[in-house]
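Peer 1: Give the three-dimensional model of this entry:
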Amino acid sequence: MGQKVAGTCFIKVDGDQLVITGGVEAPLSAVKRETIVLGHYKEEDLIPYVIVDAVKTANFPRAKLVAGSSMTVTAELADGTVYVLSGAYLVDETKVTGDDAKVSLKFEGIQGDWQ
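Peer 2: Presented below is the predicted three-dimensional model:
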C-alpha cells in the first residue's frame, strides 16, 4: 500500500491560515555538522526557520506579519507531521509580485519543534 509523503501543506501564523502556492521548507535538525578531519566534526546550532511562498489574498495579514516579533508559525505537511516555530519574526526582504500575487516569506524564530 502506498503512503502519502507529499502534497498539500497548510501554514498558520498566530492562527491565521495563509494561502500558499507550493512548498514549505523547515529544518529537519537543530544542528549543522561539518567534518574537520576524517572521523571528527564540529557542530553548530541552526537558527530555526520556515520558508514559504504565500498568495496575497484580500484577507492577507500583512500588518500582523510585518509588525510581528514573537509569532507562532505552524506548518502542517501532507504526511501529517507538523513543525511549530515559536518566537517567530520575518527576516530578509519581503515583497509581493504583481503578476501572480506571490509573497515569499522567511520566518526565523527562537525554537522549532517537530510534532
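Peer 1: Give the phi and psi angles for the nearest residue to G109 once chain neighbours are set aside, as a check.
Peer 2: Leaving aside its sequence neighbours, G109 sits nearest to A88 (C-beta to C-beta, 6 or more residues apart in numbering; 3.7 Å). C-betas here are computed from N, CA, C, even on glycine. With angles defined as degrees, to the nearest 10, A88 sits at phi -90, psi 150.
Peer 1: now swap in K64 and tell me
Peer 2: K64 adopts backbone torsions of phi -60, psi -40, taken as degrees, to the nearest 10.
Peer 1: Just grab the bridge partners of the residue nearest the centre of the chain for me.
Peer 2: Nearest to the mean C-alpha position of the chain, by C-alpha atoms, centre = their mean, lies V50 at 1.6 Å. Per DSSP bridges, the residues bridged to V50 are F107.
Peer 1: roughly how far apart are it and G15?
Peer 2: Using C-beta to C-beta, to the nearest Å, V50 is found at 15 Å from G15.
Peer 1: and what of T81?
Peer 2: T81 is 20 Å from G15, where distance means C-beta to C-beta.
Peer 1: Please apply the same query to A30.
Peer 2: Per C-beta to C-beta, A30 is found 25 Å from G15.
Peer 1: Comparing these two, which residue is more hemmed in?
Peer 2: A30 (14 against 10; other C-beta atoms under 10 Å).
Peer 1: The more buried one: what's its closest spatial neighbour, skipping adjacent residues?
Peer 2: With C-beta to C-beta, 6+ apart as the criterion, A30 has its nearest non-adjacent residue at 5.9 Å, and that residue is L46.
Peer 1: Might one say that the one you found is in contact with R33?
Peer 2: No: under the criterion of C-beta atoms under 8 Å, L46 makes no contact with R33, lying 10.3 Å away.
Peer 1: Could you check the pLDDT of the residue of the chain most remote from its centre?
Peer 2: Within the chain, the residue lying farthest from the chain centre (C-alpha atoms, centre = their mean) is L38, at 33.5 Å. In this model, L38 is scored at 96, pLDDT.
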